[in-house]
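Participant: When you get a sec, could you give me coordinates for this:
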Amino acid sequence: MKKQFLMLMLGVMSLPVVAMAAGPDFNGAWARDAANSDPAPSAMWLTMNGGPGGPGGGGRGGGRGFGPAQVIMTVHQDAKSVHVELQGVTREYELDGKSHTKTTDTGIQKAEITANLQGDTLVIGTSQPYGGMPGNATLNIKEVWSLSADGNTLTITTTRDVPAKQETFKQVYTRTQAQPGTICSAGCIAPGR
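Facilitator: All right, here's what the predicted structure looks like:
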């Protein structure tokens, strides 16, 4: 009886370790919370991430530089990779912590990208030419993704090291049932509702 009790206690004590080993789950559709997000640091960031002039962008308005429609990000995560779709821009990150060479958004240069889960966060590092042409300075970007305790708020803190300055900004997303391109006034679950 004591042996069975001891085995049961060891099993119960190991549950938190198993749960922690699974890591954070970023799967799902996420609506950008403009009221709690920082303004985008540059026009190029907006262009590549769905703002005015970019894929899925929509003119002025919508708060903090985005178009009138709610910005929806869709994430598909498995044990080896994270696939992100944001306003027509698709990113694939391999979660092995190794450097992978990918073409930059301009299509002219290559970027070195690393991604891995570090505890309760996803850390994505990108190193690419600043300005997109050979011989330019290097732009280093670090994204740290973290979830709230209930798993319904995603905060992405981005640090950009550009020549002569460092920029840090955060984007906040809330879990939603919306599909990419959905306007939240059409019935999706939006921040603050």
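
Participant: tell me what the helix or strand residue 128 falls within is packed against?
Facilitator: Element membership for residue 128 (DSSP states H and E) is strand 121-129. Packing partners of strand 121-129 (3 or more CB pairs under 8 Å, 6 or more residues apart in numbering; DSSP states H and E): strand 110-118, strand 138-147. Yep, even glycine has a C-beta here, placed from its N, CA and C like the rest.

Participant: May I see these organised as TSV, with mean neighbour count, distance to residue 176 and mean pLDDT added?
Facilitator: TSV is the format used below for those (neighbours: other CB atoms under 10 Å; distance: least, CB to CB, whole Å; pLDDT from 0 to 100):
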stretch	mean neighbour count	distance to residue 176	mean pLDDT
strand 110-118	16	23	95
strand 138-147	17	14	95
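
Participant: What is the longest strand along the chain packed up against?
Facilitator: In the chain, with assignment by DSSP state E, the single longest strand is strand 165-176. Other elements packing on strand 165-176 under the criterion 3+ CB pairs under 8 Å, 6+ apart are strand 28-32, strand 153-162.

Participant: do you know which of those strands lies nearest residue 127?
Facilitator: strand 153-162 (9.4 Å; CB to CB).

Participant: In CSV, list the C-alpha atoms belonging to the closest one.
Facilitator: These are the backbone C-alpha positions of strand 153-162, laid out as CSV (Å, rounded to 0.1, in the frame of the first residue of the first chain):
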residue,chain,number,x,y,z
THR,A,153,-3.5,37.6,-24.9
LEU,A,154,-0.4,37.4,-27.0
THR,A,155,2.3,40.1,-26.6
ILE,A,156,5.1,40.4,-29.2
THR,A,157,7.9,42.6,-28.1
THR,A,158,10.2,43.5,-31.0
THR,A,159,13.6,45.1,-30.6
ARG,A,160,15.2,46.4,-33.8
ASP,A,161,18.9,47.3,-33.8
VAL,A,162,19.4,49.7,-36.7
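
Participant: Can you pull out the low-pLDDT segments for the chain?
Facilitator: When residues are selected by pLDDT under 70, those of the chain lie in 1-22, 41-69, 131-135, 178-193.

Participant: Verify the contact between residue 70 and residue 30 for me.
Facilitator: No - using CB atoms under 8 Å, residue 70 and residue 30 do not qualify as a contacting pair, with a distance of 10.4 Å.

Participant: For residue 25, give me its contacts.
Facilitator: 77, 147, 151 (CB atoms under 8 Å, 6 or more residues apart in numbering).

Participant: wait, I meant residue 117
Facilitator: Neighbouring residues of residue 117 by CB under 8 Å, 6+ apart: 23, 24, 95, 123.

Participant: Need those residues in a markdown table (columns: secondary structure and distance to residue 107).
Facilitator: Shown next, in a markdown table, are these (DSSP: H, G, I helix; E, B strand; the rest coil; distance: CB to CB, whole Å):
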| residue | secondary structure | distance to residue 107 |
| --- | --- | --- |
| 23 | coil | 33 |
| 24 | coil | 32 |
| 95 | coil | 25 |
| 123 | strand | 26 |
